[in-house]
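Asker: coords please:
(one chain, ligands or ions: 2)
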Amino acid sequence: MIKVGIIGSTGYAGGELVRILTGHREAEIVWYGSRSYIDQKYASVYQNMFQLVDARCMDDNMEELAKQADVIFTATPQGLCASLVNEEILSQTKIIDLSADFRIKDVAVYEKWYNLEHKSPQFIEEAVYGLCEINREDVKKARLVANPGCYTTCSILTAYPLAKEGIIDMKTLIVDAKSGTSGAGRGAKVPNLYCEVNENMKAYGVASHRHTPEIEEQLSYASGEEVVINFTPHLVPMNRGILATEYASLKKDVTYEEVKAIYDKYYKDEKFVRVLDEGVYPETKWVEGSNYVDINFKIDPRTNRIIMMGAIDNLVKGAAGQAVQNMNLMFGLDEAEGLNLVPMFP
Ligand SMILES: NC(=O)C1=CN([C@@H]2O[C@H](COP(=O)(O)OP(=O)(O)OC[C@H]3O[C@@H](n4cnc5c(N)ncnc54)[C@H](OP(=O)(O)O)[C@@H]3O)[C@@H](O)[C@H]2O)C=CC1
Ligand SMILES: CC(=O)N[C@@H](CCC(=O)OP(=O)(O)O)C(=O)O
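Answerer: Ligands and ions are numbered 1, 2, ... in the order given. Alright, predicted model coming up:
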């Protein structure tokens, strides 16, 4: 059994890690890390775990945890993982960080967009960007994985094959995305109160959201050119789910069949990527509670643009599910272990 420690187990992403790992046949959670609920029963924080988890929350002592766990998930605010990790810890255990601390290779870009000083830039180079479908082989060898963000997972996977094959003009790419409120975490914040979110929709982080450089960096690797995008996130009154709609001009005339063949080239053997049938467009409800990303596209000959669409559950493929997928790869397990989660509907 793989011994797992979770720092930030009481947050939404940490709670989803607990839910998924409780059903994992090869992993056992040995540390339910918390800052606010130390010594309280985990199931009193998340009553859905009543009679399923008997353990109590423990403090976030990474030095001690590294001695006990084969892998540590950090599901904590930006900057925390970078402030805790050191060579001794990494020589004892593997780390999968759900925050953005090790996602961006240029430390100056991270510090600018996150308005934070990076506390351990010496580990940025070795960290592997854990988008499993793209970096699978590197993840298998990693001791530090940067788990991608939720908007970024959805946006990158949706456009990746077309960026890689060079059929879209990357200078024209626009990403418009909507997220449910769990994306903002469990902490109490006025903009996330029921009356502020319910029956409402709003754009936020316009031309300034911190996922912009992450999407740009990964799509730059894919396309081989420096990508600069417009990315506009929106908050919508749902618990879970992200829908990304992406627009780009086509570099040449292509048919539906040609584009479908490109998506199939990259994704036909990917268990968690479902390219939908022609004319069927992704909906967040069809992936809820699961590790799937649903993708489709439509060519608009009037504007010579292609419209790409992707949907994920932000807490699963956008966070905890992908993190467990990374763990499975790092330990040589079946990549889907613990992740055979059938989407719920309605
Ligand atoms: N929510 C989502 O959809 C996604 C989130 N992420 C990332 O995952 C991470 C966690 O997000 P999320 O679960 O939403 O956030 P939450 O606010 O719901 O949870 C944060 C967690 O971190 C703990 N924590 C907060 N501050 C500290 C601190 N100073 N020291 C130690 N622990 C601390 C909290 O502990 P306690 O409650 O015990 O005080 C809690 O367990 C973030 O980096 C986020 O960006 C990534 C992808 C998607
Ligand atoms: C709805 C909402 O507020 N979503 C969050 C994104 C959460 C996430 O995945 O972000 P990181 O892991 O990169 O921090 C936001 O826009 O900040």
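Asker: would you say V259 is within a strand?
Answerer: No. V259 sits outside any strand when classified using DSSP: H, G, I helix; E, B strand; the rest coil, being helix.
Asker: all helices for the chain, in order.
Answerer: Along the chain, counting by DSSP state H, helices occupy 12-22, 42-45, 62-68, 80-84, 87-92, 107-114, 132-141, 150-164, 194-197, 211-223, 256-267, 321-330.
Asker: Alpha carbons of the first one, in CSV - could you do that?
Answerer: Same thing as helix 12-22. Taking Å, rounded to 0.1, in the frame of the first residue of the first chain, the C-alpha atoms of helix 12-22 are listed here in CSV:
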residue,chain,number,x,y,z
TYR,A,12,-12.4,21.5,-1.4
ALA,A,13,-9.5,20.0,-3.5
GLY,A,14,-8.2,18.1,-0.4
GLY,A,15,-11.7,16.8,0.4
GLU,A,16,-11.9,15.5,-3.1
LEU,A,17,-8.5,13.8,-2.8
VAL,A,18,-9.9,12.1,0.4
ARG,A,19,-13.0,11.0,-1.4
ILE,A,20,-11.1,9.5,-4.4
LEU,A,21,-8.3,8.0,-2.4
THR,A,22,-10.8,6.3,0.0
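Asker: got a list of contacts for that helix?
Answerer: For helix 12-22, contacts defined as Cβ atoms under 8 Å, 6 or more residues apart in numbering pick out 4, 6-9, 27, 29, 32-33, 42, 45-46, 48-49, 52-53, 73, 75, 98, 182, 185-186, 315-316, 319-321, 323-324, 338-339, 341. Bear in mind the C-beta positions are built from the backbone N, C-alpha and C, glycine included.
Asker: Apply 7 Å and report the result again.
Answerer: 4, 6, 8-9, 27, 29, 46, 49, 52-53, 73, 75, 98, 182, 185-186, 315-316, 319-321, 323-324, 338-339 (Cβ atoms under 7 Å, 6 or more residues apart in numbering).
Asker: Just the buried subset of those residues, written out for PyMOL, thanks.
Answerer: The PyMOL selection below is limited to those of the contacts of helix 12-22 classed as buried (16 or more other Cβ atoms under 10 Å):
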select buried, resi 4+6+8+9+27+29+46+49+53+73+75+98+182+185+315+316+319+320+321+323+324+338+339
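Asker: Can you list which of the contacts of helix 12-22 are found in strands?
Answerer: Where the contacts of helix 12-22 overlap with strands, as defined by DSSP state E, the overlap consists of V4, I6, A27, I29, F73.
Asker: can you list those residues in TSV and add pLDDT?
Answerer: Putting those into TSV (pLDDT from 0 to 100) gives the following:
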residue	pLDDT
V4	98
I6	98
A27	98
I29	98
F73	98
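Asker: possible to save those residues as a markdown table with distance to V18?
Answerer: Conversion of these to a markdown table gives the following (distance: Cβ to Cβ, whole Å):
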| residue | distance to V18 |
| --- | --- |
| V4 | 10 |
| I6 | 7 |
| A27 | 11 |
| I29 | 7 |
| F73 | 10 |
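Asker: Between those residues, which sits nearest A248?
Answerer: For the ones in strands among the contacts of helix 12-22, the minimum distance to A248 (Cβ to Cβ) is 34.5 Å, reached by F73.
Asker: The closest one touches A323, doesn't it?
Answerer: Yes. A contact is recorded between F73 and A323 when judged using Cβ atoms under 7 Å, the distance being 5.8 Å.
Asker: chain center to the helix or strand of the chain with the lowest mean pLDDT: distance?
Answerer: Using mean pLDDT, DSSP states H and E, the weakest-scoring helix or strand in the chain turns out to be helix 62-68, at a mean of 94. If you compare the mean C-alpha spot of helix 62-68 with that of the full chain, they lie 25 Å apart, counting by Cα atoms, centre = their mean, to the nearest Å.
Asker: now swap in stretch 116-125 and tell me
Answerer: Taking the mean C-alpha point of stretch 116-125 and that of its whole chain, the gap between them comes to 20 Å (Cα atoms, centre = their mean).
Asker: circling back to that earlier point, out of the helices of the chain, nearest to S290?
Answerer: Judging the helices of the chain by Cβ to Cβ, what sits closest to S290 is helix 321-330, at 7.6 Å.
Asker: Which strands or helices does the closest one pack on?
Answerer: For helix 321-330, the contact count by 3 or more Cβ pairs under 7 Å, 6 or more residues apart in numbering; DSSP states H and E identifies helix 12-22, strand 94-97, helix 132-141 as packing neighbours.
Asker: Is the first one positioned near ligand 2?
Answerer: Think helix 12-22. No. Legend: contact between helix 12-22 and ligand 2 by Cβ under 6 Å from any ligand atom is lacking; minimum distance shown is 7.7 Å.
Asker: Is that helix in proximity to ligand 1?
Answerer: Yes. In this structure, helix 12-22 sits against ligand 1 according to Cβ under 6 Å from any ligand atom; the contacting residues are Y12, A13, G14.
Asker: With adjacent residues omitted, what lies nearest to the last one?
Answerer: The reference is to G14. A75 (3.9 Å; Cβ to Cβ, 6 or more residues apart in numbering).
Asker: What residues does the one you found make contact with?
Answerer: Neighbour list for A75: I6, I7, G8, G11, A13, G14, L17, L98 [criterion: Cβ under 7 Å, 6+ apart].
Asker: one more time with 8 Å, if that's ok
Answerer: Taking Cβ under 8 Å, 6+ apart as the criterion, A75 is in contact with 6-9, 11, 13-14, 17, 98-99, 319-320, 323.
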